[in-house]
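In: just the structure for this:
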Amino acid sequence: MNDSFDDETLRLLDEVKEVHVETRRDSDAPEHRTIIWVVVVDGEVFVRSVRGPRGRWYREISANPEGALHAGDRRIPVRAVHATDDSTVEAVSEAIRGKYGRTSPGSTQAMLSPETLPTTLKLSPT
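Out: Alright, predicted model coming up:
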């Protein structure tokens, strides 16, 4: 399994403002999609739940880490793992500030609140 996305996918995810994340409660459950933000940090892809641990998509992908991002007409299969080290979480916060801070200041602040930080997930291709 490749641990990093190709350059074209990284560029797409870096440029797009919103993606749909596809999750399932378990492998037999119906697909659920939610619009979320995505950032690229040092060639790696990260997402975070604006609703913190209460977010449905976050709960689902935590329980069943196989999912997908939908960006434009592309479906990008992903596997999620928690980003737990402080330097990575802070780098993701900086990327969120840089990408969304000017256009969505209120939502950006919500994404930087203490309850959302532990929901930072690194996505890898499947």
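In: can you map out the helices along this protein?
Out: 7-15, 56-63, 86-100, 105-111 (DSSP state H).
In: tell me which residues in the shortest one are buried?
Out: Buried positions in helix 105-111, judged by neighbour count with 16 or more other CB atoms under 10 Å: 108, 111. All C-beta atoms are positioned from the backbone trio N, CA, C, and that covers glycine.
In: list the contacts of that helix.
Out: 37, 48, 50, 93, 96-97, 100-101, 116 (CB atoms under 8 Å, 6 or more residues apart in numbering).
In: filter those residues down to the buried ones.
Out: Buried members of the contacts of helix 105-111, scored by 16+ other CB under 10 Å, are 37, 48, 50, 93, 96-97, 100, 116.
In: count the neighbours of Asp3 for me.
Out: Asp3 is flanked by 9 other residues according to other CB atoms under 10 Å.
In: I figured it was touching Ser124, is that so?
Out: Yes - at 5.4 Å, Asp3 and Ser124 qualify as touching, with contact defined as CB atoms under 8 Å.
In: now whichever strand in the chain runs longest and helix 86-100, what's the angle there?
Out: Longest strand in the chain by number of residues (criterion: DSSP state E): strand 74-82. Interaxial angle of strand 74-82 relative to helix 86-100 (axes from the mean of the first three to the mean of the last three CA atoms, to 10 degrees): 150 degrees.
In: direction included, what does strand 74-82 pair up with?
Out: Note on strand 74-82: by DSSP bridges, its sheet partners are strand 66-71 (antiparallel), strand 121-125 (antiparallel).
In: hang on, the earlier thing: so of the helices of the chain, which one's packed in deepest?
Out: helix 56-63 (a mean of 19; mean count of other CB atoms under 10 Å).
In: contact partners of that helix?
Out: Contacts for helix 56-63 (CB under 8 Å, 6+ apart): 21, 23-26, 32, 34, 36, 49, 51-53, 67, 80, 82, 119, 121.
In: which of the residues you listed are buried?
Out: 21, 23-24, 32, 34, 36, 49, 52, 67, 80, 119, 121.
In: in JSON lines: those, plus pLDDT.
Out: Output for these, formatted as JSON lines (pLDDT from 0 to 100):
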{"residue": "Val21", "pLDDT": "98"}
{"residue": "Thr23", "pLDDT": "98"}
{"residue": "Arg24", "pLDDT": "96"}
{"residue": "His32", "pLDDT": "96"}
{"residue": "Thr34", "pLDDT": "97"}
{"residue": "Ile36", "pLDDT": "98"}
{"residue": "Ser49", "pLDDT": "98"}
{"residue": "Gly52", "pLDDT": "96"}
{"residue": "Gly67", "pLDDT": "97"}
{"residue": "Ala80", "pLDDT": "98"}
{"residue": "Thr119", "pLDDT": "98"}
{"residue": "Leu121", "pLDDT": "98"}
